[in-house]
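**Student:** Curious how this folds, go ahead:
(chains A and B)
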There are 2 protein chains.
Amino acid sequence: MKHYLSLFLLCAMSILQAQSIQSPSNKIILNFKLGTNGQPFYSVNYKEKPIILESALGIKLKEKAALDANFEVMDTKKATFNESWKPVLGEQSSILNHYNELTVSLIQKETKVKMNIIFRVFDEGVAFRYDFPKQNELNYFIISDEVSQFNLTDNYKAFWIPGDFDSNEYEYNETKLSEIDNSKIDMNNGIGVKSIPGKYIVQSPLMMKSTSGLYLNIFEAAVVNYPIMHLNVDVEKYKLNAQLVPNAIGDKAYLQTPCVSPWRTIMISDDARDIVGSKMILNLNEPSKIEDTSWIKPMKYVGIWWEMHVGKATWDYAGSQNAQNSVTKDLLPSGKHGATTENTKRYIDFAAKNGFDGVLVEGWNVGWEDWFGNWKEEVFDFVTPYPDFNIDEVTAYAKAKNVKMIMHHETSGSVANYERRLDRAFDYMKKYDYPAVKSGYVGKIIPRGEFHDGQSMVNHFNFVARRAADYKIMINSHESSRPTGYSRTYPNYIAAEAARGNEFNAWSIGNPPMHETILPFTRLLGGPMDYTPGIFEIKMSHYDKSKTEQVHTTLAKQLALYVTMYSPLQMAADLPENYEKYNDAFQFIKDVAADWDESIYLEAEPGDYLTVVRKEKGKESWFLGAITDENARNSEIKLDFLTKGQKYKATIYEDANNAHWKNNPIAYKIRTMIVTTKSKIKLKLAAGGGTAISFEPIK
Amino acid sequence: MKHYLSLFLLCAMSILQAQSIQSPSNKIILNFKLGTNGQPFYSVNYKEKPIILESALGIKLKEKAALDANFEVMDTKKATFNESWKPVLGEQSSILNHYNELTVSLIQKETKVKMNIIFRVFDEGVAFRYDFPKQNELNYFIISDEVSQFNLTDNYKAFWIPGDFDSNEYEYNETKLSEIDNSKIDMNNGIGVKSIPGKYIVQSPLMMKSTSGLYLNIFEAAVVNYPIMHLNVDVEKYKLNAQLVPNAIGDKAYLQTPCVSPWRTIMISDDARDIVGSKMILNLNEPSKIEDTSWIKPMKYVGIWWEMHVGKATWDYAGSQNAQNSVTKDLLPSGKHGATTENTKRYIDFAAKNGFDGVLVEGWNVGWEDWFGNWKEEVFDFVTPYPDFNIDEVTAYAKAKNVKMIMHHETSGSVANYERRLDRAFDYMKKYDYPAVKSGYVGKIIPRGEFHDGQSMVNHFNFVARRAADYKIMINSHESSRPTGYSRTYPNYIAAEAARGNEFNAWSIGNPPMHETILPFTRLLGGPMDYTPGIFEIKMSHYDKSKTEQVHTTLAKQLALYVTMYSPLQMAADLPENYEKYNDAFQFIKDVAADWDESIYLEAEPGDYLTVVRKEKGKESWFLGAITDENARNSEIKLDFLTKGQKYKATIYEDANNAHWKNNPIAYKIRTMIVTTKSKIKLKLAAGGGTAISFEPIK
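**Tutor:** Modelled structure (predicted):
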């Protein structure tokens, strides 16, 4: 009898050793198995073809046995989840979260440590995470490495940026995996702080395409109390390994059970639109923890910002004078300071006149004379305006004009200083009724030795969002680690930069025309980006004849970006006087929405083009954005997304026939049509160009 | 003519190359010279004998040329300073600050970097610091090492503790310099976190005595924005070198000109009383930066604290249950929790009845179930009481009884967590009208990789004092880096532990009887210590028959400590029921002052004995404390410090004839005498004993 039982158990065990689940559509199959030495592996098939070959799973611990082998399967569980949820702000008013789940409960033979691996298979991809249950065998632990592997079948074309622990503000490289090599990148790219640990480490999200037309995207979701994952690429065998960002003493993460790792995600489709439109990253995050979200609102804004980038004004009050620890009254104003009361009022007037919600003012507070590049701990106090910025007067003026002020907190990377002053900074904002803050992290991090992408900085960015929620303040972080969907959980984390923004076009080699066609497949999967589009005076020679820098765009493409780059926070980044010069084109920026009921990606090819239409939240208006890379492009769009039986006035903002991002970027034309759901519109995009269309229902 | 001028300049230069200054009394001579390679040196003579032989000076920089050679003297300046100042709280109401100063202005030949070395010579010692003026040649810099040397002439006897970057809670070792060896110390000493970088590194202040009877003390003053200096001892040549505490990545200090190093101090005398009574460290700090100091008051207090140390109660609410991130209401109370509303009221009653100013309550806030030893970042939030501690009720009760509550903030070393919650914690204190806080730093520091004694922690402790001053809150830090006189600048930094306190006697090998005879020569030079004396039930077997631990003291010595261990914050640390049992002895604790007009050290020998008398601030009462080490001791004290023509009632609390710290520690007797300035009192101290006397003027 005993023998039979053992045999039965052995059978049961061997059944458990290998498990599979499929996506709801059955196109994707995820296989789990334990190797002979008890090492966990997974593999993924798509439409019956192997996409991820057998790949290792596990975690290495500091001063404890590695959790990457010698496991037995204790139990497995399968479940199906299918529900919709409503984001506070979003690309669509309702998001479907539909997946099949496999939980593999492992126990390590010697240590008796228990670890679960949870797999979720969606129609557009696979996700897995490590789950460490509360147990006597594992309480506190330190992660020294994660062994998660992504063993690819092919030398994919990849859109990659170097795996820099301190910056994600790179142009994308479009090469084969075998051609990845950070040492070949021109590092004269305007990035202030760089920490690249190796030649073959790239960042995630990593967007790829196979020669056979399969799209693959490797990323992560719900990075909470964990460092960012970069990817270490074996450029010969196309194996990718998780590369966690270390802290000052080389450790990766400090955890206590019960706890989980972030989700590692693999999106797969033969249609790029499935990836760019995926809500998988948001779905893998926790629902909103903010109960009353009535104060979280989309915002279109203008601000004192671009004039500093183009050299017309300065952030600092005193020019090159070194403020050190002296009082500001000892400094002589340079006369070029942007954030004056008078200039701020001008922007408030402009915002009020054109229906913008907010005005951002950078350089309002003391410290800018000596803020960057020296690892200085106490730069800004976040509560002391320059003498020429009268915050009482500005506040009263904005209130009278029904315009909201957006605060600016540049930390210069000194997070220690920011955290110890954060409550005072937020109190100050509430005193002056600022509903939102743009934060900045330009510089090496303090506590010294930490990286922008390490666990403690991830925790910092999340902490600021949570703490801001206590104050009912919305956050827009710049130079932060890139988001992984935490805005679902804290929807007041309304936007982030965390990629190479439009600003680089003003004073560096800039962003090539394909840049904005890639971001929606990478950076934007994790959450909205404050890209700051809307530059109408495209060439910097406009401001200074000797300058050759320019935005790599046509004017019409700048309009299209308001639709293609989803964000509930959208800046009209150019100067008021430039908008007044092109008032008919400016109309699109005034009209376009920032929060949506529905979004449909009509055409998508990373690195080449993107066309999307979105329906304004709670309204019948639709907006279309279409952009292309350095190549001109024609296409025809069916308007079958429009409501049947409804007539719309379509206003089409497009490149003029002779427009070209380099030679003739501003040339645009505007035409109107009456259209219905049966209409088609021909799009004609110049090289580096775009088209923006508003569809207003005719009553 | 040109030749003559050159010759003149050369002479002038060579005159500048060597300079001397003397102490006001002329007993000490400080010599400065530049070596042949432009290396700065100093030496010190006392009463015409060399005490510090030629010793190197300078600083090494990261990624910049070292500032320790190739200098020329640009200029030298001498000055005399002689004034008195009034400390807010202190051992005396007026402090004389009298010294001669030599400033040597150096310029480095190649780099043109300017550095000044400032020497001050007081009657009881020498101090020097590096001064980095604002200059184009040096703005931001990183100190990688300090080369300051103390080249001694003799194999001094030293009272030393290991140069631990994380703890100063050691027993003193009394050995020759040649016998210093950290590897020989029994590390089973109750200290939780230890970081000892080498065998021959010891802490400063380092108290020494030569065979010929000369006392020498090496320390530092005004450690602000700089790490703590330990001393690296050459045990063969008796050369000591500055050993600065590094940060997480090995750097020592981040500075920007203009800036200064702390003062390096050498106290010298053939009378130990000159050292124990010296105010040199305070004098070398900046005057108070707090304008209104009316809220800074001395405090005698009792509290819920010792009962945890003796095992009668616990800090935590739920016994061994691990709170993790669960809510406290899920925890089952163990029934041993000390900080209950009821128990707190008992202490408030006791304080009110016996004239104490305050009541400390430890373990009042959630987190103690899982607080120590795991480098956990978020342990305490400092604003959430346990369910059995009703802070509203306690506050109202204390107010009705005119007793002030003392807050407790244990950070468990997670400074990151404390700083980001500090304003909330202080707001909470103000809401409940707590005027003072005891802070704790038990555990490895977070940000991880930092040490208790590094620059960023020094900055933290100073920051908390400054921020507390904004809230009019007094600070008493435990497990902090040891103070170096910053309480002059921020007198609300009323006390610190920062040495091995009385608590170690409850649960470890404890503090040998000589311990308290050394602390005034070391730890106390930097500022008041919250030693928590007053233990009447001396043997832990009182609480648990199986325990062998005890305080290494007689009861009378515990009384004497209120006078010998200067602090404006003094705890009566024992349990109310123990004081009620020995009410006649308790009377001294009730009577003794905590702030003074005058202090006279009558007898002093480090490691052996100390006798001091102090006159109560603004009163005619005097108090005497006399303590001895493990040896019994008789002496006779002249009362010539008393006011002429005034009669006093002297109440003498002394060891009974058969008292002994180990065999019969509690035995005491109390006698009274009528005395005048012409009287003498015979002191008879038991082994490990002491005498306390109050002198009350008779009207």
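
**Student:** Residue A:562 reaches residue A:592, doesn't it?
**Tutor:** Yes. Because the distance of 4.6 Å satisfies C-beta atoms under 8 Å, residue A:562 is recorded as touching residue A:592. Every residue, glycine included, has its C-beta placed from N, CA and C.

**Student:** Relative to residue A:68, how far out is the residue of the stretch 1-150 of chain A found nearest chain B?
**Tutor:** For the stretch 1-150 of chain A, the residue positioned closest to chain B under C-beta to the nearest C-beta is residue A:140, at a distance of 4.2 Å. As for residue A:140, its distance to residue A:68 is 19 Å (criterion: C-beta to C-beta, to the nearest Å).

**Student:** For the residue of the stretch 301-450 of chain A found nearest chain B, list the residues it contacts.
**Tutor:** For the stretch 301-450 of chain A, the residue closest to chain B is residue A:447, as judged by C-beta to the nearest C-beta, at 3.7 Å. Listed by C-beta atoms under 8 Å, 6 or more residues apart in numbering or on different chains, the contact set of residue A:447 reads A:248, A:415, A:416, A:456, B:248, B:416, B:447, B:450, B:456.

**Student:** and the fourth one, which of the three is it?
**Tutor:** Secondary structure, DSSP: H, G, I helix; E, B strand; the rest coil: residue A:456 is helix.

**Student:** quick one, phi psi at the nearest residue to it once chain neighbours are set aside?
**Tutor:** The shortest distance from residue A:456 to any non-neighbouring residue, by C-beta to C-beta, 6 or more residues apart in numbering or on different chains, is to residue A:450 (5.5 Å). When quoted as degrees, to the nearest 10, the phi and psi of residue A:450 stand at phi -80, psi 150.

**Student:** And for residue A:283?
**Tutor:** Listed backbone geometry of residue A:283 is phi -60, psi -30, with angles given as degrees, to the nearest 10.

**Student:** cool, residue A:486 as well?
**Tutor:** Its backbone dihedrals place residue A:486 at phi -60, psi -20, with angles given as degrees, to the nearest 10.

**Student:** do residue A:406 as well
**Tutor:** Backbone phi and psi, for residue A:406 under degrees, to the nearest 10, turn out to be phi -110, psi 120.

**Student:** what sits against it?
**Tutor:** Applying C-beta under 8 Å, 6+ apart, we find residue A:406 in contact with A:299, A:301, A:303, A:358-361, A:434-438, A:476.

**Student:** partner residues bridging it?
**Tutor:** Under DSSP bridges, the beta-bridge partners of residue A:406 are residue A:360, residue A:436.

**Student:** now do the one 4 residues further on
**Tutor:** With beta bridges defined as DSSP bridges, residue A:410 has these partners: residue A:440.

**Student:** for residue A:638, same thing?
**Tutor:** In this structure, residue A:638 bridges to residue A:680 when assessed by DSSP bridges.

**Student:** quick one: contacts for residue A:164?
**Tutor:** Going by C-beta under 8 Å, 6+ apart, residue A:164 touches A:170, A:191, A:194, A:195, A:196, A:203.

**Student:** okay, the nearest residue to residue A:613 once chain neighbours are set aside: pLDDT?
**Tutor:** Take residue A:613 and drop its neighbours on the chain: the residue closest to it by C-beta to C-beta, 6+ apart is residue A:624, 4.5 Å away. Listed pLDDT for residue A:624 reads 98.

**Student:** Can I take it that residue A:624 is in a strand?
**Tutor:** Yes. Looking at residue A:624 with three-state DSSP, it is inside a strand.

**Student:** For the stretch 401-550 of chain A, which residues are neighbours of chain B?
**Tutor:** Near chain B, the residues belonging to the stretch 401-550 of chain A are A:416, A:419-420, A:422-424, A:447-450, A:456, A:459, A:463, A:467 when assessed by C-beta under 8 Å from any C-beta of the partner chain.

**Student:** Alongside chain B, which residues does chain A contribute?
**Tutor:** Taking C-beta under 8 Å from any C-beta as the contact definition, chain A meets chain B at A:134, A:139-140, A:247-249, A:251, A:254, A:256, A:258, A:322, A:324, A:374-377, A:416, A:419-420, A:422-424, A:447-450, A:456, A:459, A:463, A:467.

**Student:** hmm, try it at 6 Å
**Tutor:** Proximity of chain A to chain B (C-beta under 6 Å from any C-beta of the partner chain) is limited to residues A:140, A:248, A:249, A:374, A:419, A:420, A:423, A:447, A:449.

**Student:** now the last one: how far from residue B:456?
**Tutor:** When you say that, I think you mean residue A:449. Separation of residue A:449 from residue B:456 (C-beta to C-beta): 11 Å.

**Student:** Same check on the second one?
**Tutor:** Noted for residue A:248: a distance of 11 Å to residue B:456, by C-beta to C-beta.

**Student:** Between those two, tell me which one has more neighbours.
**Tutor:** Each of residue A:248 and residue B:456 had its neighbours counted (other C-beta atoms under 10 Å in any protein chain shown), and the higher figure belongs to residue B:456 (23 against 20).

**Student:** The more buried one contacts residue B:446, correct?
**Tutor:** No. Because the distance of 11.2 Å does not satisfy C-beta atoms under 6 Å, residue B:456 is recorded as not touching residue B:446.

**Student:** Let me know whether residue A:280 touches residue A:121 as I believe.
**Tutor:** No. Counting by C-beta under 6 Å, residue A:280 sits too far from residue A:121 to count as a contact (10.4 Å).

**Student:** Identify the residues contacting residue A:103.
**Tutor:** Taking C-beta atoms under 6 Å, 6 or more residues apart in numbering or on different chains, we find residue A:103 in contact with A:77, A:116, A:118.

**Student:** Mind listing the residues bridging to it?
**Tutor:** Taking DSSP bridges as the rule, residue A:103 bridges to residue A:77, residue A:118.

**Student:** Show me the helices in the stretch 551-699 of chain A, by range?
**Tutor:** Listed in chain order, the helices of the stretch 551-699 of chain A (DSSP state H, counting those that start in this stretch) span A:555-564, A:576-581, A:583-591.

**Student:** Kindly apply the preceding question to chain A instead.
**Tutor:** With DSSP state H applied, chain A shows helices at A:2-17, A:272-276, A:280-283, A:306-309, A:341-354, A:391-400, A:415-431, A:455-470, A:486-489, A:504-507, A:515-518, A:555-564, A:576-581, A:583-591, listed in chain order.

**Student:** Please identify the deepest-packed of these.
**Tutor:** Taking mean count of other C-beta atoms under 10 Å in any protein chain shown as the contact definition, the stretch among the helices of chain A with the greatest mean neighbour count is helix A:555-564, which reaches a mean of 29.

**Student:** For that one, which helices and strands make contact with it?
**Tutor:** With contacts defined as 3 or more C-beta pairs under 6 Å, 6 or more residues apart in numbering or on different chains; DSSP states H and E, the secondary structure elements packing on helix A:555-564 are strand A:609-616, strand A:622-628, strand A:648-655, strand A:690-697.

**Student:** rerun that using 7 Å as the cut-off
**Tutor:** Secondary-structure packing of helix A:555-564 (3 or more C-beta pairs under 7 Å, 6 or more residues apart in numbering or on different chains; DSSP states H and E): helix A:583-591, strand A:609-616, strand A:622-628, strand A:648-655, strand A:690-697.

**Student:** Find the one among those with the highest mean neighbour count.
**Tutor:** Of these, strand A:622-628 is the most buried (mean count of other C-beta under 10 Å), at a mean of 28.

**Student:** Output it as PDB, nothing but the C-alphas.
**Tutor:** These are the backbone C-alpha positions of strand A:622-628, laid out as PDB (Å, rounded to 0.1, in the frame of the first residue of the first chain):
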ATOM      1  CA  TRP A 622     -12.900  63.000 -31.500                       C
ATOM      2  CA  PHE A 623      -9.300  63.900 -32.100                       C
ATOM      3  CA  LEU A 624      -6.900  62.200 -34.400                       C
ATOM      4  CA  GLY A 625      -3.100  62.300 -34.300                       C
ATOM      5  CA  ALA A 626      -0.800  60.900 -37.000                       C
ATOM      6  CA  ILE A 627       2.900  61.100 -37.000                       C
ATOM      7  CA  THR A 628       5.700  59.800 -39.100                       C
END
